[in-house]
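Engineer: coords please:
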Amino acid sequence: MRSSFHHVAPSALARQLARALPAGASPDAPRQDVAERLGGWLHVAETIQLHAAQSAIEAAGTAAARRPPRTGPAALHAALSAELDRVRAVLARSITTAPAHKPDPNDLDTEFALYHQRLGDQQRRMEMSIDALREHVRQQLAQSTPAMAQLAATDAVMDGFFGGREQRLLSTLPAFLKARFAALRREAAQAREPDTPDTPDDLRWLQTFAAEFEQTLLAELDLRLQPVTGLIEALAHEH
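Structural biologist: Residues are numbered from 1 along each chain as shown. Coordinates of the predicted model:
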């Protein structure tokens, strides 16, 4: 059975968040291999549960072996890839469509509050759409070959263990973005003449923040899509 869980290079999201960290710090340091990371995340009771889930994973493969696949792996890969592309495009378009809003140089605290609200809205939209897609992909794989049925069952188990942890980690994004907003604002203030107020011409830093905000959300989108992308890619190697 092939797995959709890979050891990957530092994500785009990690690189974006590094902007908000002090010099020399890194959001993914010290580096550990996958086994070490999983070991740190799982408690003893969860490890036992994971071992017990092996029988359910094997049963999924046995059940799939008793019936012919509903759709061949190649055709299923093409259909699910198209669905993945559609979901990705819809969510990316939502992220990159900036609201029609002109910043008020005299009320920049409210300005960040608007970004904070937009972040929450986009995260909820991503969570709902991607969770639905992932469940749909699992259901389709369960009706495919025994190996793919086992992979779908494995993904469901791993999602149960790590889904909540992922959400808690992503919930820290507002703090990183707030720190970046404050840093850019401070740098712009230091570059101006003392005791002069903000003017529209002095808000170029806010354009920089807006671009970084968008890139951070796109990186989060890519991160959230990695598990379902792995499930679909596994079909390309199934014969």
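
Engineer: what's the lengthiest helix in the chain packed up against?
Structural biologist: The longest helix of the chain (DSSP state H) is helix 108-142. Under the contact definition 3 or more C-beta pairs under 8 Å, 6 or more residues apart in numbering; DSSP states H and E, helix 108-142 sits against helix 73-96, helix 146-170, helix 173-191, helix 204-235. Where C-beta positions appear, they are placed from N, C-alpha and C, glycine not excepted.

Engineer: Okay, now the unreliable bits of this protein?
Structural biologist: 1-52, 193-201, 239 (pLDDT under 70).

Engineer: Let me see the contact set for T62.
Structural biologist: P146 (C-beta atoms under 8 Å, 6 or more residues apart in numbering).

Engineer: brain fart, A142
Structural biologist: 60, 64, 148-149, 152-153.

Engineer: and stretch 143-152, how far out from the chain's middle?
Structural biologist: Stretch 143-152 sits 24 Å away from the centroid of its parent chain (C-alpha atoms, centre = their mean, to the nearest Å).

Engineer: so can I have CSV of the helices and strands packed on helix 108-142 showing mean neighbour count?
Structural biologist: Shown next, in CSV, are the helices and strands packed on helix 108-142 (neighbours: other C-beta atoms under 10 Å):
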stretch, mean neighbour count
helix 73-96, 15
helix 146-170, 18
helix 173-191, 15
helix 204-235, 19
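
Engineer: could you redo the ones you listed as CSV and give each row distance to Q117?
Structural biologist: Listed next are the helices and strands packed on helix 108-142 as CSV, based on distance: least, C-beta to C-beta, whole Å:
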stretch, distance to Q117
helix 73-96, 14
helix 146-170, 16
helix 173-191, 10
helix 204-235, 12
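
Engineer: how about the ones you listed, which one is nearest H116?
Structural biologist: helix 173-191 (5.6 Å; C-beta to C-beta).

Engineer: how big is the angle separating that closest one from helix 108-142?
Structural biologist: Helix 173-191 runs at 150 degrees relative to helix 108-142, counting by axes from the mean of the first three to the mean of the last three C-alpha atoms, to 10 degrees.

Engineer: And the contacts of helix 173-191?
Structural biologist: 17, 19-21, 108, 112, 115-116, 119-120, 123, 202-206, 208-209, 212-213, 216, 220.

Engineer: ok, now with 7 Å
Structural biologist: For helix 173-191, the surrounding residues in contact (C-beta atoms under 7 Å, 6 or more residues apart in numbering) are 17, 19-20, 108, 112, 115-116, 119, 202, 205, 208-209, 212-213, 216.

Engineer: go on, stretch 95-102?
Structural biologist: Identification of contacts with stretch 95-102 by C-beta under 7 Å, 6+ apart yields 114, 122, 210, 214, 217-218, 221.

Engineer: residues contacting the residue nearest to I57 when sequence neighbours are not counted?
Structural biologist: Excluding the flanking residues, the one nearest I57 by C-beta to C-beta, 6 or more residues apart in numbering is A153, at 4.5 Å. By C-beta under 7 Å, 6+ apart, A153 lies in contact with 56-57, 60.

Engineer: As TSV, the contacts of stretch 95-102 with distance to A92 would be great.
Structural biologist: Shown next, in TSV, are the contacts of stretch 95-102 (distance: C-beta to C-beta, whole Å):
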residue	distance to A92
L114	21
Q122	11
A210	16
E214	10
L217	9
L218	6
L221	6
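
Engineer: Just give me the closest of those residues to A132.
Structural biologist: L221 (14.8 Å).

Engineer: and that closest one, what does it touch?
Structural biologist: 91-92, 95, 126.

Engineer: same check, this time on L170
Structural biologist: 123, 220.

Engineer: how far away is it from G72?
Structural biologist: Distance, L170 to G72, by C-beta to C-beta, to the nearest Å: 36 Å.
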